[in-house]
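Chemist: need a structure here:
(chains A, B, C, D, E and F)
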6 protein chains.
Amino acid sequence: MMKTRKQLAAALVVLAMLLPMVIQAEEKADVWLPSLITNSPQEGFELAIKLSRMGVKSTQSSKEVLFRERAKYSQDGEALTHASEVIAVNFQTVAAANDYWK
Amino acid sequence: MMKTRKQLAAALVVLAMLLPMVIQAEEKADVWLPSLITNSPQEGFELAIKLSRMGVKSTQSSKEVLFRERAKYSQDGEALTHASEVIAVNFQTVAAANDYWK
Amino acid sequence: MMKTRKQLAAALVVLAMLLPMVIQAEEKADVWLPSLITNSPQEGFELAIKLSRMGVKSTQSSKEVLFRERAKYSQDGEALTHASEVIAVNFQTVAAANDYWK
Amino acid sequence: MMKTRKQLAAALVVLAMLLPMVIQAEEKADVWLPSLITNSPQEGFELAIKLSRMGVKSTQSSKEVLFRERAKYSQDGEALTHASEVIAVNFQTVAAANDYWK
Amino acid sequence: MMKTRKQLAAALVVLAMLLPMVIQAEEKADVWLPSLITNSPQEGFELAIKLSRMGVKSTQSSKEVLFRERAKYSQDGEALTHASEVIAVNFQTVAAANDYWK
Amino acid sequence: MMKTRKQLAAALVVLAMLLPMVIQAEEKADVWLPSLITNSPQEGFELAIKLSRMGVKSTQSSKEVLFRERAKYSQDGEALTHASEVIAVNFQTVAAANDYWK
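Modeler: Now for the predicted structure:
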């Protein structure tokens, strides 16, 4: 029985050690923007695209509507230019954050 | 009676001490932008969304109209892109205020 | 008569002293933007709203037309987003002027 | 005759002194943007309005067309918001040039 | 045979030396934005055009649709102005990255 | 013959010296943006107009189409405001490059 208690204690220690990792993993699922720093200008541009999409998603979270609308406006030159404009504004922010990868 | 006067004086002192807190509490109800500083880039993005919504609210304060219009333009790709653009401009301000969370 | 002259002189001195204040008061009526510095981010946002409205007013000064148009576009989601965009651009200026209230 | 020569010399000196002013006056007619520095934020805002109008004028120089179009779009809320946006962008430049009148 | 082994060893060394170049060449096909630094303002402007097109491409990757839409909106003054606006925003980023080629 | 060889050598030297100038001259025909530095704010504004037009030209190079579209949108208030907006964005870049001509 002494042994069992020790085993239980050990198991609790392991659990206690694992717990923060479980919590961290759950929190990570919600963290989509941990940093503005990227390894290269190109990765920065990809982050700018992500920011632009998250901006859209903040107003319309339904994936169904987003896919339907994207199918429509991705066929329209003016809408595509507008999408590129939003990315350009976000890329300014990301580039400044990375001191322009100098 | 001497005692009553003292009690009244004491009560007045307490009231006088409480008054600023009451006023502060009422003022706080109106304070929606105490600072541009946030703990992380993601919280900064959420603040940018808030700023964009407060910009809309400054022109149209009726919640009824706001909900009706949001229901409409959240179904339209071009309008969603425009909303994302305003968030991008506000995110530039918040990111600069936080020195890009470097 | 000597006394009257003295009184007149005194009256003139008083008038001369008041004159700058009168002129200043009249000038103040036109001064709507004495400074970009505000006490808080929120006051800065309110100044950004003011700047956006003064920009509109510089093209259309008729209050009648302004109220009529505002009644119209405050009912339209896209126009409200556009108004929020102009405020966002002006808020960038005000925030930079205040060193982001750091 | 000696006197006449002296008078002529004097007249020439006066003319020579006036000449730069005449030239300057003619040049001034074309110089509409000698500096971005203004005495106050409000004068800076007025300069931003001027820059916005000169931008329009660079594409359409006919005063007749400009007045006709202005009469039209100054009646339209969306167009007024757009005009305010251009002023806001130019005001950013003027404000930065003046170090935000700090 | 001793010779053959030596030849094989030599061939392997050459191969090992070439390998990184082959890999690099393959990687380069995907790297379209290695740097924001350019030799001149004009090359910077060309990079801004490239960024604007990559922004469009991120939403619509089909070359067929891109060519069709470009054929349409390149015939429309308003759309051309919009394209120029996106380039202007990206040029701000590239110019800042190059310290304005001072 | 010795002389002829010397003459030929001399001619070749002259040619070699001229060659870079010829190449440079040909290259210059294509160089439309050698620098962002201008002598005055007004020249900077003119450069901003040039940048805006080159942005349009990068999408539509046909002069015929450009003149036709310009004739159309220069008659439309909203399009003129848009053109002024693009100039304003480019003027921000040119003004920053010149440290605001301080």
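
Chemist: By mean pLDDT, which helix or strand of chain A comes out lowest?
Modeler: For chain A, scoring each helix and strand by mean pLDDT, DSSP states H and E identifies helix A:2-30 as the least confident one, at a mean of 58.

Chemist: Could I get the pLDDT score of residue A:74?
Modeler: The predicted local distance difference test score for residue A:74 is 85.

Chemist: Likewise for residue A:55?
Modeler: For residue A:55, pLDDT reads 96.

Chemist: now it: how far from chain E?
Modeler: As defined by CB to the nearest CB, to the nearest Å, residue A:55 lies at a distance of 13 Å from chain E. Every residue, glycine included, has its C-beta placed from N, CA and C.

Chemist: Please apply the same query to residue A:42.
Modeler: The separation that residue A:42 has from chain E, given CB to the nearest CB, amounts to 4 Å.

Chemist: Now that residue: which helix or strand?
Modeler: Using DSSP states H and E, residue A:42 maps to helix A:41-59.

Chemist: does chain B sit close to that helix?
Modeler: Yes - looking at helix A:41-59 against chain B by CB under 8 Å from any CB of the partner chain, the contacts come from A:51-56, A:58-59.

Chemist: Next, format these as CSV and append neighbour count and distance to chain D.
Modeler: Converted to CSV, the residues of helix A:41-59 next to chain B look like this (neighbours: other CB atoms under 10 Å in any protein chain shown; distance: CB to the nearest CB, whole Å):
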residue, neighbour count, distance to chain D
A:51, 26, 21
A:52, 27, 20
A:53, 19, 24
A:54, 18, 24
A:55, 27, 18
A:56, 24, 21
A:58, 18, 22
A:59, 21, 19
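
Chemist: For those residues, give me a markdown table that also has distance to chain C.
Modeler: Conversion of these to a markdown table gives the following (distance: CB to the nearest CB, whole Å):
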| residue | distance to chain C |
| --- | --- |
| A:51 | 15 |
| A:52 | 15 |
| A:53 | 17 |
| A:54 | 17 |
| A:55 | 12 |
| A:56 | 12 |
| A:58 | 13 |
| A:59 | 9 |
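
Chemist: From those, pick the one nearest chain B.
Modeler: Sorting the residues of helix A:41-59 next to chain B by how near they are to chain B, with CB to the nearest CB, puts residue A:55 at the top with 3.0 Å.

Chemist: pLDDT at the nearest residue to the closest one once chain neighbours are set aside, what is it?
Modeler: Closest residue to residue A:55 in three dimensions, ignoring its sequence neighbours and counting by CB to CB, 6 or more residues apart in numbering or on different chains: residue B:84, at 3.0 Å. With respect to pLDDT, residue B:84 scores 97.

Chemist: tell me which element residue B:84 falls in.
Modeler: Using DSSP H and E, residue B:84 sits in helix B:77-97.

Chemist: near chain E, which residues of chain A show up?
Modeler: Looking at chain E, the residues of chain A close enough under CB under 8 Å from any CB are A:40-42, A:45, A:49, A:70, A:73-78, A:80-85, A:87-89, A:91-92, A:95-96, A:100-102.

Chemist: Now list the buried members of the residues you listed.
Modeler: Buried members of the residues of chain A next to chain E, scored by 16 or more other CB atoms under 10 Å in any protein chain shown, are A:41-42, A:45, A:49, A:70, A:73-74, A:76-78, A:80-85, A:87-89, A:91-92, A:95-96, A:100-101.

Chemist: Was I right to think residue A:78 contacts residue E:73?
Modeler: Yes - with contact defined as CB atoms under 8 Å, residue A:78 counts as touching residue E:73 (6.2 Å).

Chemist: hey, what's in contact with both of those two?
Modeler: With contacts defined as CB atoms under 8 Å, 6 or more residues apart in numbering or on different chains, the residues adjacent to both residue A:78 and residue E:73 are residue E:79.

Chemist: residues in contact with the residue nearest the centre of chain A?
Modeler: Most central residue of chain A, judged by C-alpha distance to the mean C-alpha position with CA atoms, centre = their mean, is residue A:32 at 2.1 Å. Residues touching residue A:32, when contacts are defined by CB under 8 Å, 6+ apart, comprise A:50, A:54, B:42.

Chemist: Do you know the pLDDT at the last one?
Modeler: We have a pLDDT of 98 for residue B:42.

Chemist: ok, now residue A:62?
Modeler: At residue A:62 the predicted local confidence, pLDDT, stands at 87.

Chemist: From residue A:52, how far off is it?
Modeler: Remark: distance between residue A:62 and residue A:52 (CB to CB, to the nearest Å) = 18 Å.

Chemist: what's the offset of the helix or strand just after the helix holding residue A:42 from the middle of its chain?
Modeler: Later in the chain than helix A:41-59, the nearest helix or strand by DSSP H and E is helix A:63-73. If you compare the mean C-alpha spot of helix A:63-73 with that of the full chain, they lie 20 Å apart, counting by CA atoms, centre = their mean, to the nearest Å.

Chemist: what packs against helix A:63-73?
Modeler: Secondary-structure packing of helix A:63-73 (3 or more CB pairs under 8 Å, 6 or more residues apart in numbering or on different chains; DSSP states H and E): helix A:77-97, helix B:77-97.

Chemist: Residue of chain A nearest chain D, please.
Modeler: residue A:89 (12.4 Å).

Chemist: show me the contacts for that residue.
Modeler: B:85, B:88-89, B:92, E:89.

Chemist: closest to residue E:66 among those residues?
Modeler: Nearest to residue E:66 among the contacts of residue A:89: residue E:89, at 20.0 Å, using CB to CB.

Chemist: if I look at the closest one, how far off is residue A:58?
Modeler: Applying CB to CB, the value for residue E:89 to residue A:58 is 21 Å.

Chemist: wait, residue A:69 sits on residue B:77?
Modeler: Yes - Residue A:69 sits in contact with residue B:77 when judged by CB under 8 Å, with a separation of 3.6 Å.

Chemist: How about the contacts made by whichever residue of chain A sits closest to chain F?
Modeler: Chain A approaches chain F most closely through residue A:81 (9.3 Å), counting by CB to the nearest CB. Under the criterion of CB under 8 Å, 6+ apart, the contact partners of residue A:81 comprise E:56, E:73, E:79, E:82-83, E:86.

Chemist: For those residues, give me CSV that also has distance to residue D:36.
Modeler: Supplementary listing: the contacts of residue A:81 in CSV, determined by distance: CB to CB, whole Å:
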residue, distance to residue D:36
E:56, 34
E:73, 35
E:79, 32
E:82, 27
E:83, 28
E:86, 26
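
Chemist: Show me which of these is closest to residue E:36.
Modeler: When those are ranked by distance to residue E:36 (CB to CB), residue E:86 comes first, at 16.4 Å.

Chemist: Determine the number of other residues adjacent to that closest one.
Modeler: 29 (other CB atoms under 10 Å in any protein chain shown).

Chemist: Next one: it from residue C:73, what distance?
Modeler: Using CB to CB, one obtains 25 Å as the distance from residue E:86 to residue C:73.

Chemist: Same question for residue A:93.
Modeler: With the distance defined as CB to CB, residue A:93 ends up 29 Å from residue C:73.

Chemist: cool, and residue A:47?
Modeler: If you measure residue A:47 against residue C:73 using CB to CB, the figure is 34 Å.

Chemist: now residue A:50: how far from chain E?
Modeler: Counting by CB to the nearest CB - residue A:50 and chain E are separated by 10 Å.

Chemist: how many neighbours does that residue have?
Modeler: Residue A:50: 15 surrounding residues under other CB under 10 Å.
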